[in-house]
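**Student:** output the structure for:
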Amino acid sequence: MIRPTFQTRVVPNHLSFQYREDGEWVTKTAQDLFAGKKVIVFALPGAFTPTCSSFQLPGFEKNFAKLKKAANLDDIYCLSVNDAFVMDAWFKDQKIKKVKHIPDGNLDWTRWADMLVSKVNLGFGLRSWRYAVIIDDMVTSQWFIEDGKTDRAEDDPYEASSPENILEYLGS
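**Tutor:** Numbering: from 1, shown residues only. Okay, here's the model as predicted:
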């Protein structure tokens, strides 16, 4: 089991995300998503990428009820540096019903979380490093960050932020 890093940070109320709902643009702030709730946000490099589509997103969907119970969660969110159209299409393609998405196309959250990395060596541009964080009423506590965070990383580790690792930690 990989243990989390404990880092308390207050999520800024003003961080905002652009969603598409009923053909209209809707802005949701961090306050809208996280105030008064306990959630997990897991971040990944990109929609439709192999590890994200084969393991991480489906793993959180599959383990949704177990995670909610183990951590007394209200919601689980998937954050990616993609726009609302891509996130909507990816969630439909993956048949995701329980996990909610956060489109971070402007990288505002990713910069705030200090998880921005350059993957220009792979043709991906700027992306989020892979991690998960527990947020309780706008305050972060436990961060499950993959090892090796650096620009132009050749590896894309997936262990610390897996739902299985988080469940193992919460059960201990």
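**Student:** neighbours of W143, how many?
**Tutor:** Around W143 sit 18 other residues, with neighbours defined as other C-beta atoms under 10 Å. For the C-beta atoms, the positions are set from N, CA and C on the backbone; glycine is no exception.
**Student:** next one: S16
**Tutor:** Neighbour count of S16, defined by other C-beta under 10 Å: 16.
**Student:** next one: the one 10 residues further on
**Tutor:** Neighbouring residues of V26 were enumerated by other C-beta under 10 Å; the total is 12.
**Student:** for the one 3 residues further on, same thing?
**Tutor:** One way to gauge burial is a neighbour count; for T29, by other C-beta under 10 Å, it gives 15.
**Student:** for it, give its distance to T51.
**Tutor:** Noted for T29: a distance of 29 Å to T51, by C-beta to C-beta, to the nearest Å.
**Student:** point out where the chain drops to low pLDDT.
**Tutor:** For the chain, the stretches with pLDDT under 70 are 172.
**Student:** and A132, what is it in contact with?
**Tutor:** Taking C-beta atoms under 8 Å, 6 or more residues apart in numbering, we find A132 in contact with I40, V41, F42, A43, W143, F144, A160, S161, I166.
**Student:** and these as CSV, adding secondary structure and distance to T5?
**Tutor:** What follows is the contacts of A132, written out as CSV (DSSP: H, G, I helix; E, B strand; the rest coil; distance: C-beta to C-beta, whole Å):
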residue, secondary structure, distance to T5
I40, strand, 15
V41, strand, 15
F42, strand, 15
A43, strand, 14
W143, strand, 5
F144, strand, 8
A160, coil, 9
S161, coil, 12
I166, helix, 13
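**Student:** of all those, which comes closest to L73?
**Tutor:** I40 (6.1 Å; C-beta to C-beta).
**Student:** I'd say that closest one and I76 touch.
**Tutor:** Yes - in this structure, I40 is within contact of I76 by C-beta atoms under 8 Å, at 4.9 Å.
**Student:** the two - which one has more neighbours?
**Tutor:** I40 (25 against 21).
**Student:** state the distance from the more buried one to D22.
**Tutor:** Counting by C-beta to C-beta, the gap from I40 to D22 is 27 Å.
**Student:** for L170, same thing?
**Tutor:** From L170 to D22 the distance is 36 Å (C-beta to C-beta).
**Student:** tell me which of those two has more neighbours.
**Tutor:** More neighbours surround L170 than the other of L170 and D22, with 17 against 5 (other C-beta under 10 Å).
**Student:** so what's that one up against?
**Tutor:** L170 neighbours (C-beta under 8 Å, 6+ apart): L67, A70, A71.
**Student:** good, we can wrap up now.
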